[in-house]
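> Need a 3D model of the sequence below.
(chains A and B)
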Protein chains: 2
Amino acid sequence: MRARELAMPYPMVSIDEDAAAAARRMATEGLPGLIVVGRDGRPWTVLPGSQVLRFVVPEYVQQDPGLARALDADSADDLCRRLIGRTVGELLPPRSALHELPVVDADATSLEIAAVMARMHSPIVAVIEGDRVLGAVTVSRLLAHLLPDAPAT
Amino acid sequence: MRARELAMPYPMVSIDEDAAAAARRMATEGLPGLIVVGRDGRPWTVLPGSQVLRFVVPEYVQQDPGLARALDADSADDLCRRLIGRTVGELLPPRSALHELPVVDADATSLEIAAVMARMHSPIVAVIEGDRVLGAVTVSRLLAHLLPDAPAT
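You can find the predicted model right below:
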């Protein structure tokens, strides 16, 4: 089976969209991440929820759990204010730091998708055809396809 | 809010359980991973779905997407046979390679959970109290808590 048949609709945001709204969408829809497209609609990357947290939690707090505990609830509220007025594009690491994208071509085989997920430790890959995003394949859907006895989800 | 209040029930497997059954559970329940506990019930780590793929897809195929495409569907079936007769423990990286676990104490603050997820790029952390796993916090649930306007999921 090819990626085009395995791909399911998956929420997408543009790099110009409001960062807080994107984070809220992950929260309300229970999503681990979103597919990000450029202004031209071309696939850009995947924004994992943990990357939103990397943006709002200062580096020195990430490195020091004890410090995180010492900060009070008001500080947590302050952190989320960091999202206000920001765009999705501003949450992303610099594009130069993105050595590879969790993206496969519509013709990719299930084994190619598995290789990309395995190499990138990614629970999701976007499927593209030309300049268009067809959807995404999650690791659970891929496993359902690869494991013969498991019903497809 | 503390981790004990944010934790939700989350599927767990023992390191002794059948690897194929664990992978099938991710597939049928649409899970990105499972919490792994030791024989004594103590939390061990989180098994992400991508780690199952790292086990079944040979290293040389992970590194060469062109090669992955060249292998046919029968090869994909063969790969999943690698799970037969294996335990969950055999899928995991050697414990010495686990520098840190995506695990927090029941008393951890939301900011501490955010710091762990951010540092480890993890969409989920297990919450433990003493030797017991209370459940897990997903990144979407944490964002729902941190973002004041988003309803909790």
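> For residue A:13, see how far away residue A:89 is.
10 Å (Cβ to Cβ, to the nearest Å). In this view, the C-beta of every residue, glycine as well, is placed from N, C-alpha and C.
> anything in contact with each of these two?
Counting by Cβ atoms under 8 Å, 6 or more residues apart in numbering or on different chains, the common neighbours of residue A:89 and residue A:13 are residue A:36.
> just for chain A, where's the confidence low?
A:72-77, A:95-100, A:149-153 (pLDDT under 70).
> Just the helices from it, written as ranges.
A:3-6, A:19-29, A:49-56, A:59-62, A:65-70, A:73-81, A:88-91, A:110-120, A:139-146 (DSSP state H).
> Reformat the ones you listed as CSV; add distance to residue B:71.
Below are the helices of chain A laid out as CSV (distance: least, Cβ to Cβ, whole Å):
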stretch, distance to residue B:71
helix A:3-6, 15
helix A:19-29, 35
helix A:49-56, 32
helix A:59-62, 39
helix A:65-70, 43
helix A:73-81, 46
helix A:88-91, 36
helix A:110-120, 6
helix A:139-146, 13
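> Nearest to residue B:43, out of those helices?
Each of the helices of chain A has some distance to residue B:43 by Cβ to Cβ; the shortest is helix A:65-70, at 16.7 Å.
> quick one: the closest one near chain B?
Yes: among the residues of helix A:65-70, A:65, A:68-69 lie within reach of chain B under Cβ under 8 Å from any Cβ of the partner chain.
> got the contact list for that helix?
Residues contacting helix A:65-70 (Cβ under 8 Å, 6+ apart): A:57, A:60-62, B:108-109, B:111-112, B:114-116.
> How far off centre is stretch A:81-94?
Centre-to-centre, stretch A:81-94 and its host chain are 14 Å apart (Cα atoms, centre = their mean, to the nearest Å).
> Would you mind extracting the C-alpha trace of it into PDB?
Extracted C-alpha coordinates of stretch A:81-94, given in PDB (Å, rounded to 0.1, in the frame of the first residue of the first chain):
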ATOM      1  CA  ARG A  81       1.600  35.000  27.200                       C
ATOM      2  CA  ARG A  82       4.700  34.500  25.200                       C
ATOM      3  CA  LEU A  83       2.400  33.000  22.500                       C
ATOM      4  CA  ILE A  84       0.300  36.200  22.200                       C
ATOM      5  CA  GLY A  85       0.900  38.100  18.900                       C
ATOM      6  CA  ARG A  86       3.200  35.300  17.600                       C
ATOM      7  CA  THR A  87       2.800  33.300  14.400                       C
ATOM      8  CA  VAL A  88       3.200  29.600  14.000                       C
ATOM      9  CA  GLY A  89       6.300  30.300  11.900                       C
ATOM     10  CA  GLU A  90       7.900  32.000  14.900                       C
ATOM     11  CA  LEU A  91       7.400  28.800  17.000                       C
ATOM     12  CA  LEU A  92       9.400  26.700  14.600                       C
ATOM     13  CA  PRO A  93      13.100  26.100  14.800                       C
ATOM     14  CA  PRO A  94      15.000  28.000  12.100                       C
END
